[in-house]
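1. Here is a sequence with its predicted model. Questions after.
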Amino acid sequence: MIVLDQENKVFTLHTQNTTYQMKADHNRVLLHTYYGPRIRGGDLSRLIQYADRGFSPNPSEAGDNRTYSLDTLPQEYSSCGVGDFRLPSIEFEPEDGSRLADLRCTGYELKKGKYSLPGLPAFFGGEEWETLVIHLIDSTCKVSLKLYYGVLERCDLITRAVQVVNHGSRPVQLRRCASLCLDFQRGDMDFITFNGCHAQERNLDRAPLRQGVQSVESVRGTSSHHHNPFVILCEHGADEDYGACYGAMLVYSGNFLAAAERTQLENNRLLLGINPYHFCWTLAPGAGFTAPEAALVCSPQGFGQMSRQFHRAIRENLIHDPCRGKRRPVLINNWEATEFRFDADKLVGIARAAAPLGIELFVMDDGWFGCRDSDRSGLGDWSVNEEKLPGGLGALVPKIENLGMSFGLWIEPEMVSEDSALYRAHPDWALQAPNRPFARGRSQLVLDFSRKEVRDHVYGSIKQVLASADIAYVKWDMNRSLTDVWSSALPADRQGELFHRFVLGVYDILERMRRDFPHILIEGCCGGGGRFDAGMLYYTPQIWCSDNTDAIDRLAIQYGTSFCYPVSAMGAHVSAVPNQQTGRCVPMETRGVVAMAGTFGYEMDLNHTTPEEKETIKRQVAFFKEHYELIQRGDYYRLADPFRDPFTAWEQVSPDRREALVSLVSHSNHAAAPFRTIRLKGLDPDAQYRVNGEEVWPGDVLMAAGWPMPMPAGDYRSMQLYLRAE
Ligand code: GLA
């Protein structure tokens with residue numbers, strides 16, 4: 001609910017459990033007055049303290065009043081160069097070279113429903129949303145801003161976006177435009193970020209904020225394996241169930257900056273948006289720029305509640321899921337089984353072994369097109385290699401379908417190999433600067449997706465393939481970071497637009513594909529989880545979580561990912577042992593339990609498994625299908641921390657609390673280990689739950705006292721408890 005106090009210019013956004021407030025003060029400066037647990041309202045600018053602080057200047061309207069300074073007031077969207085020395089939200093430069101932005105409020109609009117952003121992914125939904133738009137202007141430069149706020153009460157979700165328009169008669173260079181600025185009138189907070197590298201994504205890092213700026217960012221052109229555009233600020237003591245925490249997510253797949261600043265007054269500012277690195281957007285007279293959407297969830301009761309609210313909102317109001325209301329298929333992918341060494345018989349052989357086990361979708365990974373016999377050639381030539389697959393997809397797909405399975409394939413549209421017909425015909429279509437050697441990544445180059453003719457060509461050839469057979473699924477991959485970011489299609493003074501234009505180009509093709517093939521389930525991928533962000537999730541309902549398929553490493557990766565993203569978004573497969581990335585041998589049962597904390601599938605040649613393993617797989621697949629709703633759409637609780645505890649455990653609870661599934665994986669067994677109980681969460685305290693069809697336990701006992709947990713002896717053992725209320 002959005003409440004306007006017109007007289008005092010106070011804007012209050014209420015969600016189910018939280019309240020967010022701002023106020024345009026007597027100088028029309030938009031102040032941030034509150035964000036936290038839900039309160040009745042009122043004008044919370046009374047919390048703001050005014051005092052003269054040395055070296056904190058006073059705007060001209062303040063006259064002789066030295067207690068009024070932009071530098072000390074909590075700002076809703078910080079200005080630049082006019083008295084607030086903390087992180088600026090916006091920077092622009094008119095022709096006179098001044099980089100000053102003094103933002104004052106000129107009005108607002110209130111609308112039913114959710115705003116949308118042209119060309120950009122954003123949360124969607126109907127009348128349950130409300131939108132507030134606040135108008136700001138820098139009247140000297142005649143640059144106006146619209147701050148958008150979307151409120152989805154039931155999920156405690158507040159979305160934000162910013163549109164900038166140049167109303168002047170001369171061009172202005174926009175150099176920074178954050179999607180979100182959030183000032184806290186407190187400083188005793190921790191900053192939590194999700195970091196790593198290829199094959200080790202989204203490991204959680206938590207540290208108290210120190211004075212100054214701490215930040216994570218990407219300058220790689222993608223959101224990156226290295227830092228995720230999702231961060232948390234929380235009270236020092238916050239944990240899964242206690243303490244206020246604030247999650248902030250950017251709905252964007254390119255360079256980003258998430259910066260937290262602890263200031264001279266020991267309060268904090270959080271800034272999230274497109275990275276100002278190599279960003280400069282020319283606003284011609286009358287032209288505008290839209291910054292990507294950011295989304296906030298505040299949980300007064302710890303991380304668990306924050307995650308569940310993000311999961312719900314992402315599942316229901318961000319992802320365009322062709323399988324909405326249905327079950328997504330259990331898949332088998334041939335990559336780890338064959339890499340590039342396959343032909344039609346080999347693929348059909350893998351599918352033939354999978355079908356009787358209940359696996360429903362066969363995914364042909366990299367290597368099916370052009371001269372793609374290794375990762376050094378072929379990218380860009382999206383036509384079937386008939387030497388490997390005689391008769392093309394027209395011959396292969398029916399063979400898979402005859403086994404009762406549907407068919408999916410791998411593509412990597414943004415890339416080109418030098419050894420390809422496409423590169424030979426259009427070398428200038430790859431990103432590279434004149435007279436300068438360029439860098440290769442995985443021996444390949446990046447196509448200039450800012451150019452429409454490049455996108456049209458690539459999409460045209462992919463569309464032909466997708467239309468040529470019955471394709472149910474596409475894995476959209478992207479296997480290198482951007483370098484040599486220069487486009488022959490842009491003038492020198494607009495090269496700073498290229499990183500963002502590249503991302504807009506990717507979104508354009510994803511949108512076309514979604515429109516032309518609405519039934520195709522797209523799985524995002526970027527060397528695993530290098531572009532695991534809410535921007536991609538808008539188009540690709542699931543994203544391959546990591547190239548690391550080792551079940552034990554995956555515990556930490558999936559744990560970190562779960563802080564923001566739902567189980568149904570995390571691509572996870574059972575692969576062969578010894579694991580290709582770590583050499584570790586984890587029992588088949590445990591590999592299944594871990595993959596079931598994601599979308600669930602297999603990535604191995606099942607012809608090389610024992611009859612016992614096949615039986616295990618059959619059971620796993622049947623169990624997953626039977627409990628699909630609970631696993632994929634249940635409320636998710638983290639019960640143990642893979643970084644701290646000798647085991648990892650998580651739980652899904654059905655919304656009506658009649659069913660729950662607890663999964664446990666032990667990763668560090670010792671002799672004479674202490675006895676352990678595990679306390680469950682989210683159950684109905686008054687219900688009696690039958691556990692694995694055997695003993696009955698009361699909900700309150702399981703939550704308050706716990707369940708005695710036998711640690712099975714042996715390496716990397718696991719167990720699952722299925723609870724059903726009697
Ligand atoms: C990336 C993906 C893998 C696989 C290969 C194919 O590394 O993350 O899953 O598709 O590319 O080349």
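-> Arrived safely. Given the structure is predicted, the values throughout are model-derived calculations rather than measurements.

2. Looking at the stretch 101-250 of the chain, which residue is nearest the ligand?
-> residue 198 (8.5 Å; C-beta to the nearest ligand atom). C-beta coordinates here come from the backbone N, C-alpha and C atoms, glycine included.

3. and that residue, backbone torsions?
-> Main-chain dihedrals, residue 198, degrees, to the nearest 10: phi -60, psi 130.

4. Residue 458 now?
-> Torsion angles, degrees, to the nearest 10, at residue 458: phi -60, psi -50.

5. so what pLDDT did the residue lying closest to it once chain neighbours are set aside get?
-> Distances taken as C-beta to C-beta, 6 or more residues apart in numbering put residue 413 closest to residue 458, at 5.1 Å, once the chain neighbours are dropped. You'll see residue 413 listed with a pLDDT of 98.

6. who's in contact with residue 413?
-> 382, 447, 458, 459, 462, 476, 509 (C-beta atoms under 8 Å, 6 or more residues apart in numbering).

7. Correct me if wrong, but the fifth one is in a helix.
-> In other words, residue 462. Yes. According to DSSP: H, G, I helix; E, B strand; the rest coil, residue 462 belongs to a helix.

8. what's the neighbour count on the residue nearest to it when sequence neighbours are not counted?
-> Distances taken as C-beta to C-beta, 6+ apart place residue 382 nearest to residue 462, at 5.2 Å, with adjacent residues excluded. Neighbourhood size, residue 382 [other C-beta atoms under 10 Å]: 23.

9. From residue 41, how far off is the spatially closest residue to the residue of the stretch 101-250 of the chain closest to the ligand that is not a sequence neighbour?
-> Nearest residue to residue 198 in three dimensions, chain neighbours excluded: residue 225, at 5.0 Å (C-beta to C-beta, 6+ apart). The spacing between residue 225 and residue 41, counted by C-beta to C-beta, to the nearest Å, is 43 Å.

10. and if you look at residue 243?
-> 23 Å.

11. go on, residue 60?
-> Taken as C-beta to C-beta, the span from residue 60 to residue 41 is 32 Å.

12. Of the two, which one has the most company?
-> residue 41 (15 against 9).

13. wait, doesn't residue 32 sit right on residue 180?
-> No. Using C-beta atoms under 8 Å, residue 32 makes no contact with residue 180, being 11.1 Å away.

14. what does the stretch 301-450 of the chain put close to the ligand?
-> Within the stretch 301-450 of the chain, the residues that sit near the ligand (C-beta under 6 Å from any ligand atom) are 335, 365, 366, 375, 410.

15. contacting residues around whichever residue of the stretch 351-500 of the chain sits closest to the ligand?
-> Residue nearest to the ligand within the stretch 351-500 of the chain: residue 366 (3.4 Å; C-beta to the nearest ligand atom). By C-beta under 8 Å, 6+ apart, the residues touching residue 366 are 335, 339, 340, 372, 375, 410, 412, 477.

16. Mind checking the pLDDT average for stretch 63-72?
-> Rounded mean pLDDT across stretch 63-72 is 97.

17. Tell me the buried residues in the longest helix seen in the chain?
-> For the chain, the helix that runs over the most residues, judged by DSSP state H, is helix 498-516. Neighbour counts over helix 498-516 (16 or more other C-beta atoms under 10 Å) mark 498-510, 513-514 as buried.

18. Tell me the secondary structure at residue 488.
-> Classified using three-state DSSP, residue 488 is coil.

19. Check the secondary structure at the closest residue in space to it that isn't next to it in sequence for me.
-> Spatial nearest neighbour of residue 488, excluding adjacent residues (C-beta to C-beta, 6+ apart): residue 428 at 5.4 Å. Three-state assignment for residue 428 (three-state DSSP): helix.

20. Pop the domain breakdown of this protein in here.
-> 2-317, 331-630, 637-725 (automatic domain parsing).

21. Relative to the whole chain's centre, how far out is the longest one?
-> What that stands for is domain 2-317. 18 Å (C-alpha atoms, centre = their mean, to the nearest Å).

22. go on, stretch 400-415?
-> That offset, for stretch 400-415, works out to 24 Å (C-alpha atoms, centre = their mean).

23. mind listing what the most centrally placed residue in the chain touches?
-> Per C-alpha atoms, centre = their mean, the C-alpha nearest to the average position across the chain is that of residue 533, at 2.2 Å. Residue 533 makes contact with 223, 228, 229, 230, 250, 251, 252, 253, according to C-beta under 8 Å, 6+ apart.

24. From what I see, the first one and residue 257 are in contact.
-> No. Contact criterion C-beta under 8 Å: residue 223 and residue 257 do not qualify, at 11.4 Å.

25. More neighbours: which of these two?
-> Per other C-beta under 10 Å, whichever of residue 223 and residue 257 has more neighbours is residue 223, with 27 against 23.

26. How is the more buried one assigned, secondary-structure-wise?
-> Strictly by three-state DSSP, residue 223 counts as coil.

27. Need the phi and psi values for the residue lying closest to it once chain neighbours are set aside.
-> Leaving aside its sequence neighbours, residue 223 sits nearest to residue 533 (C-beta to C-beta, 6+ apart; 4.2 Å). The phi/psi pair for residue 533 (degrees, to the nearest 10) reads phi -150, psi 170.

28. Please apply the same query to residue 134.
-> Taking degrees, to the nearest 10 as the convention, residue 134 sits at phi -110, psi 130.

29. The one 5 residues further on too?
-> Residue 139 adopts backbone torsions of phi -80, psi -20, taken as degrees, to the nearest 10.

30. burial count for it?
-> Other residues close to residue 139 by other C-beta under 10 Å number 12.

31. And the pLDDT at it?
-> Residue 139 is given a pLDDT of 97.

32. ok, now which ones touch it?
-> Contacts of residue 139 by C-beta under 8 Å, 6+ apart are 102, 104.

33. Ok, residue 335 next?
-> Neighbour list for residue 335: 365, 366, 410, 603 [criterion: C-beta under 8 Å, 6+ apart].

34. hmm, try it at 7 Å
-> Remark: with contacts taken as C-beta atoms under 7 Å, 6 or more residues apart in numbering, residue 335 is in contact with 365, 366, 603.

35. do the same with residue 234
-> 189, 190, 192, 243, 244, 245, 246.

36. one more time with 6 Å
-> Taking C-beta atoms under 6 Å, 6 or more residues apart in numbering as the criterion, residue 234 is in contact with 190, 245.

37. which non-adjacent residue is nearest residue 168?
-> Closest to residue 168 by C-beta to C-beta, 6+ apart is residue 142, at 4.1 Å.

38. how far away is residue 678 from the ligand?
-> Using C-beta to the nearest ligand atom, to the nearest Å, residue 678 is found at 33 Å from the ligand.

39. right, and that residue touches residue 709 too?
-> Yes. Taking C-beta atoms under 6 Å as the definition, residue 678 is a contact partner of residue 709 at 4.9 Å.

40. related to what we said a few turns ago, compute the number of surrounding residues for the residue nearest to residue 488.
-> 13.
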